[in-house]
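K.L.:
predicted model and sequence follow; I will ask about them next.
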Amino acid sequence: MADKTMSADEMAGRLADGMTLGIGGWGSRRKPMALVRAVLRAGIGDLTIVSYGGPDVGMLVAAGRVRRLVAPFVTLDSIPLEPHYRAARERGGVELTEIDEAMFMWGLRAAAHRLPFLPVRAGIGSDVMRVNPALRTVTSPYDDGETFVAVPALRLDAALVHVNRADRLGNGQYLGPDPYFDDLFCEAAATAYVSCERIVGTAELTKDAPPQTLLLKRHTVTGVVEAPDGAHFTSCAPDYGRDEEFQRMYATTPWPEFAARYLAGDEQAWRSAAGEGA
């Protein structure tokens, strides 16, 4: 079985302009920020981003790397609306496909099962259908005759996710209270890259935690990046909470200034901030 470890920059070197990238986590929780920064350093653009959006979306949009966003929301949780994303939308700088949270999940699930769509009740009778005129409905072929939204598969060229622990083979473990939908992102993608707080031996994954915490299976993972504090400034429970001070600074600093201070060069400036506060 292959050793799948690589650096974040090696991961980014496998991506290309015009790809559809799915980014795991939720809002400002367990986002693969080290991988997002590697994408920014690599200069990749014209991207379609699929995400339960947080600062991953905000940074990529602010940097002008996103052509289209598919998302149910973009939030920093304790700051309701991601400010750099909001500024880009106000400028008309990104195309948006906004769908319901459940529809989004069903789109990932359809892609994971290699289906063209899946039926869902969410969206019926709402403005989701009005603002997404390309969405179609289907009628049950059975006696009930119920009408559903036919949510198209959210197929991904690559998925980026962050977990607490992983082994070198690509098995990934979450230790917090919520798996979010990181497994679906990986299963819906042609390639999947996982960053983790720490790489451990396979046997260690279940030494102090139950097998149910093994969210990611090695056959769905292409590469593994060891990235301590790799979700900072978002949370990665139970390893650390959200860095609210850094998040406030990010939210109130003009993007060119923030990017020049924290995103230029290697990871040293960011890692210093993660260890010492902004």
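P.N.:
Looks like it came in fine.

K.L.:
just the buried residues of stretch 59-68, please?
P.N.:
59-63, 65-66 (16 or more other C-beta atoms under 10 Å). Quick note: C-beta positions are derived from backbone N, CA and C, even for glycine.

K.L.:
ok, now stretch 179-193?
P.N.:
Buried residues in stretch 179-193, defined by neighbour count with 16+ other C-beta under 10 Å: 179-189, 191-193.

K.L.:
returning to what we had before: keep only those of the buried residues of stretch 59-68 that are in helices.
P.N.:
Judged by DSSP state H, the buried residues of stretch 59-68 include 59-62 as members of helices.

K.L.:
could you dump those into JSON lines and include pLDDT and distance to Ala231?
P.N.:
Formatted as JSON lines, these follow (pLDDT from 0 to 100; distance: C-beta to C-beta, whole Å):
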{"residue": "Met59", "pLDDT": "97", "distance to Ala231": "13"}
{"residue": "Leu60", "pLDDT": "98", "distance to Ala231": "16"}
{"residue": "Val61", "pLDDT": "97", "distance to Ala231": "19"}
{"residue": "Ala62", "pLDDT": "96", "distance to Ala231": "19"}
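
K.L.:
out of these, who's nearest Ile44?
P.N.:
Comparing these against Ile44 with C-beta to C-beta places Leu60 closest, at 9.3 Å.

K.L.:
distance of that closest one from Gly43?
P.N.:
Look at Leu60 and Gly43: by C-beta to C-beta, to the nearest Å, they are 12 Å apart.

K.L.:
kindly report the same for Thr222.
P.N.:
Distance, Thr222 to Gly43, by C-beta to C-beta: 21 Å.

K.L.:
so what does the longest helix along the chain touch, helix or strand wise?
P.N.:
Using DSSP H, we find that the single longest helix of the chain is helix 101-112. Here helix 101-112 touches strand 66-71, strand 117-120, strand 147-152, helix 182-187, going by 3 or more C-beta pairs under 8 Å, 6 or more residues apart in numbering; DSSP states H and E.

K.L.:
how about these in CSV, adding mean pLDDT and distance to Ala273?
P.N.:
Formatted as CSV, the helices and strands packed on helix 101-112 follow (pLDDT from 0 to 100; distance: least, C-beta to C-beta, whole Å):
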stretch, mean pLDDT, distance to Ala273
strand 66-71, 98, 24
strand 117-120, 97, 41
strand 147-152, 96, 39
helix 182-187, 98, 25
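
K.L.:
who wins for proximity to Gly25 among those?
P.N.:
Checking the helices and strands packed on helix 101-112 against Gly25 by C-beta to C-beta gives helix 182-187 as the closest, at 7.3 Å.

K.L.:
mind listing what's buried in the lowest-mean-pLDDT helix or strand in the chain?
P.N.:
Lowest by mean pLDDT, DSSP states H and E among the helices and strands of the chain is helix 268-276, with a mean of 71. Neighbour counts over helix 268-276 (16+ other C-beta under 10 Å) mark 270, 273-274 as buried.

K.L.:
list the contacts of it.
P.N.:
37, 229, 232-233, 243, 246, 261-263 (C-beta atoms under 8 Å, 6 or more residues apart in numbering).

K.L.:
cool, stretch 251-267 as well?
P.N.:
Contacts with stretch 251-267, where a contact means C-beta under 8 Å, 6+ apart, come from 8, 34, 37, 40-41, 59, 62-63, 76, 79, 82-84, 87, 249-250, 269-270, 273.

K.L.:
6 Å instead, please
P.N.:
Here stretch 251-267 makes contact (C-beta atoms under 6 Å, 6 or more residues apart in numbering) with 40, 62, 79, 83-84, 269-270.

K.L.:
most widely separated two among the residues you listed?
P.N.:
Ile79 and Ala269 (22.2 Å).

K.L.:
chain neighbours aside, what residue packs nearest to Val161?
P.N.:
Take Val161 and drop its neighbours on the chain: the residue closest to it by C-beta to C-beta, 6 or more residues apart in numbering is Gly24, 3.4 Å away.

K.L.:
now stretch 231-247 - C-alpha only, CSV.
P.N.:
Coordinates of each C-alpha in stretch 231-247 appear next as CSV, following Å, rounded to 0.1, in the frame of the first residue of the first chain:
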residue,chain,number,x,y,z
ALA,A,231,-7.2,24.7,10.2
HIS,A,232,-6.2,27.9,11.9
PHE,A,233,-7.9,30.4,12.4
THR,A,234,-10.9,28.1,12.1
SER,A,235,-11.6,25.6,14.9
CYS,A,236,-10.4,22.0,14.9
ALA,A,237,-12.0,20.5,18.0
PRO,A,238,-10.8,19.1,20.3
ASP,A,239,-7.3,20.1,19.3
TYR,A,240,-8.1,23.9,19.4
GLY,A,241,-11.0,26.3,19.1
ARG,A,242,-11.5,29.1,16.7
ASP,A,243,-8.9,32.0,17.0
GLU,A,244,-11.5,34.7,17.4
GLU,A,245,-8.9,37.5,17.8
PHE,A,246,-7.2,36.5,14.5
GLN,A,247,-10.6,36.1,12.8
